[in-house]
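Novice: no FASTA, just this:
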C-alpha cells in the first residue's frame, strides 16, 4: 500500500451553484500530468441532493468520476449522520453542519477516515488549488515528524475564550484577543486549506475537533449574551471558527507545527502565482483559472462582472 496521499473533500449542496465541483475538476486535471504511482489521491464526497449519484454528476459534460481513474472517490455519510444536528448559534432548527461556513467541516470528518486508512504522509488541500509541479516534491522535502501548515495573520484568527472583563470589548481589543489566550502557536492562526501531516496520527480526531468547536461556540455565546461583543463580531466568530478548533486539538496533543515554504504551497490572489509547486487561489479568481468550458453560473457571473 502507498503510504503517501493527497486528499480533497467535496460537499455538493442542494440548490447551490456547483462551483466547488468545477474547481475540484480543474485541480485534478492539473494534478493528472504528475501521476506516477508515488502517491495516492483520494476525494471524499457527500451531498444533500435528493437521489444524488456522484458517478453521474457532471458540469457541461465534464465528469470527474469518469475522467480521473487515478482518484479514489469515497462516499462519506457526513450528511446522514449530522443532518439533524442543530446549530448552537441559531434559534430553531438551523443545521450546524450544513450552513455556509460549517459545511467545510467535512474536511475534518474525512481526515479521520484518512488516518484510519493507514496513510503516513497526508496532504490535505482545498479544491481551489492548482498543481504547477509534481507534488512528490512536498513529500520528499518536508520529512520531519510534525504537521506542516501555512500561517495566517493573527487578526483573522480571534478566539475570545476565557476572556474576562467588565467592559464592552472594543474593536482594537477584539482584534488583539487571539490564540495567545490559550498559548497556542504563539498566537498565529493557520490556513485550513492546506495542511500536511508527516507521520502524525490523531485518534478520534473528529470527536476531538467537534468538542473543541462547541467549546469555542459556548464561549462566544456567553460573550454575546452578556453584551461583551456586538452582533458584527459575533458573526465574525461564526465565520472563522471552523479553523480554530483544529489548533486546540494540535495543542492538546502537543504537536509540533512547522511552516510550509511558500515555494511549495502558497495562497492568495492569482497575482501571487509564480512558480510554486501548488497554488491555493482565492476562489473569486476562479474565472481567471478555470477554462470557460467549466464555468458554472456563479463563475460566469464573476467573469462578466470583472472583464
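Specialist: Cool, the structure landed. What you see is a predicted model; the values in this text were computed from it and never measured.

Novice: mind listing the strands in the stretch 101-250 of the chain by residue range?
Specialist: The residue ranges that make up the strands of the stretch 101-250 of the chain, judged by DSSP state E, counting those that start in this stretch, are 121-125, 129-131, 146-152, 189-198.

Novice: ok, now how distant is residue 22 from residue 288?
Specialist: With distances defined as Cβ to Cβ, to the nearest Å, the gap from residue 22 to residue 288 amounts to 13 Å. Any C-beta I mention is one placed from the backbone N, CA and C, and that applies to glycine too.

Novice: who's more crowded, these two?
Specialist: A direct count of neighbours by other Cβ atoms under 10 Å for residue 22 and residue 288 places residue 22 higher, at 26 against 16.

Novice: that one and residue 50, how far apart?
Specialist: For residue 22, the distance to residue 50 - Cβ to Cβ - is 21 Å.

Novice: now residue 32
Specialist: When distance is defined by Cβ to Cβ, residue 32 is 31 Å away from residue 50.

Novice: now residue 276
Specialist: When distance is defined by Cβ to Cβ, residue 276 is 40 Å away from residue 50.

Novice: so those two - more neighbours on which side?
Specialist: For the pair residue 276 and residue 50, the greater number of neighbours falls to residue 276 (19 against 6), based on other Cβ under 10 Å.

Novice: just say helix, strand or coil for that one.
Specialist: Of the three states, residue 276 takes coil under DSSP: H, G, I helix; E, B strand; the rest coil.

Novice: count of neighbours near the closest residue in space to it that isn't next to it in sequence?
Specialist: Across the structure, with Cβ to Cβ, 6 or more residues apart in numbering as the measure, the residue nearest residue 276 apart from its sequence neighbours is residue 266 (4.5 Å). Around residue 266 there are 20 other residues, counting by other Cβ under 10 Å.

Novice: also residue 29?
Specialist: Using other Cβ under 10 Å, the number of residues around residue 29 comes to 18.

Novice: could you say which helix or strand holds it?
Specialist: Assigning secondary structure by DSSP states H and E places residue 29 in helix 19-32.

Novice: what helices or strands is that helix leaning on?
Specialist: Helix 19-32 makes packing contacts with strand 4-12, strand 40-47, helix 64-67, strand 129-131, helix 286-289, helix 297-306 when contacts are defined by 3 or more Cβ pairs under 8 Å, 6 or more residues apart in numbering; DSSP states H and E.

Novice: same thing but 7 Å
Specialist: For helix 19-32, the contact count by 3 or more Cβ pairs under 7 Å, 6 or more residues apart in numbering; DSSP states H and E identifies strand 4-12, helix 64-67, strand 129-131, helix 286-289, helix 297-306 as packing neighbours.

Novice: can you add distance to residue 220 and mean pLDDT and give the ones you listed back as JSON lines?
Specialist: Putting the helices and strands packed on helix 19-32 into JSON lines (distance: least, Cβ to Cβ, whole Å; pLDDT from 0 to 100) gives the following:
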{"stretch": "strand 4-12", "distance to residue 220": "24", "mean pLDDT": "95"}
{"stretch": "helix 64-67", "distance to residue 220": "37", "mean pLDDT": "98"}
{"stretch": "strand 129-131", "distance to residue 220": "30", "mean pLDDT": "97"}
{"stretch": "helix 286-289", "distance to residue 220": "31", "mean pLDDT": "95"}
{"stretch": "helix 297-306", "distance to residue 220": "30", "mean pLDDT": "93"}
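
Novice: most packed of those?
Specialist: Per-residue neighbour counts averaged over each of those give the maximum for strand 4-12, namely a mean of 23 (mean count of other Cβ atoms under 10 Å).

Novice: can you check what angle separates it from helix 19-32?
Specialist: Using axes from the mean of the first three to the mean of the last three Cα atoms, to 10 degrees, the inter-axis angle of strand 4-12 relative to helix 19-32 is 160 degrees.

Novice: tell me the bridge partners for the nearest residue to residue 289 once chain neighbours are set aside.
Specialist: For residue 289, the nearest residue in space outside its immediate sequence neighbours is residue 281; the separation is 5.8 Å by Cβ to Cβ, 6+ apart. Listed by DSSP bridges, the beta-bridge partners for residue 281 are residue 268.

Novice: shaky segments in the stretch 151-300 of the chain?
Specialist: Across the stretch 151-300 of the chain, the stretches falling below the confidence threshold (pLDDT under 70) are 152-189, 219, 232-233, 235-242.
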